[in-house]
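**Q** task: produce atomic coordinates for the following.
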Amino acid sequence: MSDALSDDGSEQNDSQEDAWLNEKFSPDLLENKSEIVECVMEQLTHMEANLQRVSKGDMKASVHRMEIDRIRFVLSSYLRSRLQKIEKFFPHVLEKEKSRADGDPSYLSPEEYAFAREYLANTETYLKAVALRHMPPNLQAVDMMKAVPQPCLDSFVFLRVKERQDNIMVEPETDDQREYVVDLEEGSQHLMRYRTIAPLVSTGAVQLI
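**A** Have a look, this model is predicted:
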């Protein structure tokens, strides 16, 4: 029984939860984690297959089912958070993806990129059909980059430090303040502007909480 339900995916689950929390609490769309999503989906398939081989009344099977449901919830929440950001910031997301340098990680998976392009096209079609065609010719063009708000990178986020960071420059809160430098100790928790620690989120040095 224990052999049928054994699964060595703890490190993978930790990576999934880290990606989920970062995406959930970040004001900006983060680099896509397609490799983690694919691995988690394979893990779920493997776990479901193992579950079919044990008695439904077995207590360990019930616990295993709860773990499957938990992993599926985290995965669904992660993907839903990303889609919500794509819908909210679609022209900026597409521009960010378009302007990234060759070799830089992609912010969108192929499926997300197709969704964002379709969402942009549908939005433009809808605006033209219900409003713009009824307006004077000089007002029928809409700059989506200006019409749709950008992610607020100055939002404050809670974070936990996973790797010590020295000499982090913190921007002043008011005009009469000056920039200052802080050291982030491993295991410490902070409330900081997202813009300040965004590179540390990308490298995994800090975890949003």
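
**Q** hey, where'd the strands end up in this protein?
**A** Secondary structure of the chain (DSSP state E): strands at 156-161, 165-170, 180-184, 189-193, 206-208.

**Q** of these, which stretch is the most buried?
**A** Comparing the strands of the chain by mean neighbour count (mean count of other C-beta atoms under 10 Å), strand 206-208 comes out on top with a mean of 21. Every C-beta, even on glycine, is put in place using the N, C-alpha and C of the backbone.

**Q** which outside residues touch it?
**A** By C-beta atoms under 8 Å, 6 or more residues apart in numbering, the residues outside strand 206-208 that reach it are 18, 21-22, 24-26, 157-163, 165, 184, 197, 200-201.

**Q** and what of stretch 23-37?
**A** Residues outside stretch 23-37 that contact it (C-beta under 8 Å, 6+ apart) are 12, 15-16, 19, 22, 75, 77-79, 81-82, 85-86, 89, 93, 96, 105-109, 112, 151-153, 155, 157-158, 194, 198, 201-202, 208-209.

**Q** repeat that with 7 Å
**A** Stretch 23-37 has contacts (C-beta atoms under 7 Å, 6 or more residues apart in numbering) with 15-16, 19, 22, 75, 77-78, 81-82, 85-86, 89, 93, 105-109, 112, 151-153, 155, 157, 194, 201-202, 208.

**Q** returning to what we had before: and the strands of the chain as JSON lines, adding mean pLDDT and distance to Gln140?
**A** Converted to JSON lines, the strands of the chain look like this (pLDDT from 0 to 100; distance: least, C-beta to C-beta, whole Å):
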{"stretch": "strand 156-161", "mean pLDDT": "97", "distance to Gln140": "40"}
{"stretch": "strand 165-170", "mean pLDDT": "93", "distance to Gln140": "45"}
{"stretch": "strand 180-184", "mean pLDDT": "92", "distance to Gln140": "49"}
{"stretch": "strand 189-193", "mean pLDDT": "95", "distance to Gln140": "39"}
{"stretch": "strand 206-208", "mean pLDDT": "97", "distance to Gln140": "42"}
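
**Q** all set now, cheers.
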